[in-house]
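Novice: just coords:
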């Protein structure tokens with residue numbers, strides 16, 4: 001978990017867990033060759049008490065001669081708002097090259113509470129994995145096997161002070177009700193070892209989740225969207241593909257019914273379909289299902305002048321023109337001609353010998369989302385060339401002052417790397 005040479009920012013809120021974490025890492029850092037700093041974000045949720053927490057943490061950093069990376073930001077009232085703000089602060093520090101990873105003080109009790117919360121909300125194996133010991137975002141949790149009581153015993157043994165966050169007792173927060181009411185009742189009335197067993201459940205779920213991930217054909221991306229072929233895949237793996245795609249695009253508050261509705265778009269007998277899940281537009285066309293953020297699901301018409309020779313960047317790649325002899329994707333071009341342009345397909349577009357492009361799309365099983373940005377070259381508003389379907393008959397014959405060669409470089413689909421929830 002700790003690697004020699006790592007610059008580890010210790011996330012210290014001032015509470016017992018994070019103060020313990022800092023003390024433990026200060027002991028082991030010299031042995032592991034790790035360079036520590038202290039990271040703190042003042043959420044301003046408790047007024048002066050939050051400011052006192054920030055001063056307390058800054059004082060800890062000074063006392064131990066450690067760099068301090070503090071920031072203040074006003075966040076919304078929810079736990080998710082605060083969490084997102086912390087993660088953004090951590091990401092900023094990593095982007096600035098000040099730290100490599102962030103250590104947080106999550107304990108076995110936090111793990112048990114998270115597993116229980118997700119069970120109550122409804123989740124699958126990935127959700128049951130709960131708090132991961134190491135994430136791709138650079139988070140590490142060295143105390144994940146340590147109980148909260150062991151943390152307090154360590155602090156008392158070493159006479160270490162910490163701050164008490166009054167909001168941790170506020171019953172308005174779901175996690176607090178689980179921590180102070182539900183979990184203690186289950187421990188008292190059902191299983192005294194429940195927190196440890198819930199944590200073991202998370203470990204088992206995490207190992208099985210990682211194994212199943214290795215079996216899932218990764219979705220593809222063109223940089224703007226995620227695409228999954230409708231090739232038959234076992235339903236458990238398909239569900240993971242769907243969650244993978246939506247998570248990559250930042251989809252939030254996804255639940256079972258959203259996944260099952262999306263799963264329906266992969267039915268073999270279905271040729272097209274469309275639905276929306278929170279924040280994401282999902283469309284089936286022929287042999288693909290495409291996921292995009294709602295804000296970018298559509299696109300407007302575009303039209304550019306086309307120089308010869310020259311190049312134009314398009315929403316679907318780059319088109320280059322050059323002067324040369326006839327052959328391949330080239331058309332008769334008169335240097336004295338005017339009005340050479342490239343634009344996207346519009347309903348009603350047709351030319352000889354291809355016919356209507358809509359018919360060409362259907363014959364070629366071109367997905368619906370590709371049609372909107374399908375590139376077409378025109379001369380004085382007459383179609384000269386279309387991607388895949390070639391040059392119009394009238395512009396193939398000899399004549400004019402030469403020929404214009406066309407080369408379209410399109411972005412290639414790439415497999416998505418694994419992401420962590």
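Specialist: Looks like it came in fine. All values derive from a computational prediction rather than experimental measurement.
Novice: my guess is residue 340 contacts residue 306, does it?
Specialist: Yes: under the criterion of CB atoms under 8 Å, residue 340 makes contact with residue 306 at 4.8 Å. Where C-beta positions appear, they are placed from N, C-alpha and C, glycine not excepted.
Novice: Can you pull the residues that touch both of the two?
Specialist: residue 377 (CB atoms under 8 Å, 6 or more residues apart in numbering).
Novice: Quick one: the helices in this structure, in order.
Specialist: 16-32, 48-63, 79-95, 108-121, 125-128, 148-157, 174-177, 183-189, 194-215, 235-248, 256-263, 357-363, 368-371 (DSSP state H).
Novice: List the buried residues of stretch 20-34.
Specialist: Across stretch 20-34, burial judged by 16 or more other CB atoms under 10 Å covers 20, 21, 22, 23, 24, 25, 29, 34.
Novice: Then stretch 139-156?
Specialist: In stretch 139-156, residues buried by neighbour count (16+ other CB under 10 Å) are 139, 140, 141, 142, 143, 144, 146, 147, 148, 151, 154, 155.
Novice: And stretch 198-208, by the same measure?
Specialist: Buried-residue list, stretch 198-208, by 16+ other CB under 10 Å: 198, 199, 201, 202, 203, 205, 206.
Novice: Residues touching that stretch, excluding its own?
Specialist: With CB under 8 Å, 6+ apart, stretch 198-208 has contacts from 108, 111-112, 114-116, 125-126, 128-132, 144-145.
Novice: change it to 7 Å
Specialist: 108, 111, 112, 115, 116, 125, 128, 129, 130, 132 (CB atoms under 7 Å, 6 or more residues apart in numbering).
Novice: closest to residue 217 among the residues you listed?
Specialist: residue 125 (18.0 Å; CB to CB).
Novice: can you pull the contacts of the closest one?
Specialist: 205, 208, 209.
Novice: ok, back up a step: which of the helices of the chain comes out lowest on mean pLDDT?
Specialist: When these are ranked by mean pLDDT, helix 125-128 comes last with a mean of 86.
Novice: Tell me how far that helix lies from the chain's centre.
Specialist: The chain centroid and the centroid of helix 125-128 are separated by 17 Å, computed with CA atoms, centre = their mean, to the nearest Å.
Novice: Next: stretch 9-20.
Specialist: 27 Å.
Novice: so how far does it reach from one end to the other?
Specialist: 14 Å (CA to CA, to the nearest Å).
Novice: now stretch 367-374
Specialist: Termini of stretch 367-374 sit 11 Å apart (CA to CA).
Novice: Buried residues, that stretch. List them.
Specialist: Here stretch 367-374 shows 367, 369, 370, 371, 372, 373, 374 as buried, counting by 16+ other CB under 10 Å.
Novice: for stretch 208-216, same thing?
Specialist: For stretch 208-216, by 16+ other CB under 10 Å, it's 209, 216.
Novice: again, but for stretch 167-179
Specialist: For stretch 167-179, by 16+ other CB under 10 Å, it's 167, 176, 178, 179.
Novice: Can you redo those residues as TSV, where the extra columns are distance to residue 350?
Specialist: TSV is the format used below for these (distance: CB to CB, whole Å):
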residue	distance to residue 350
167	66
176	65
178	63
179	67
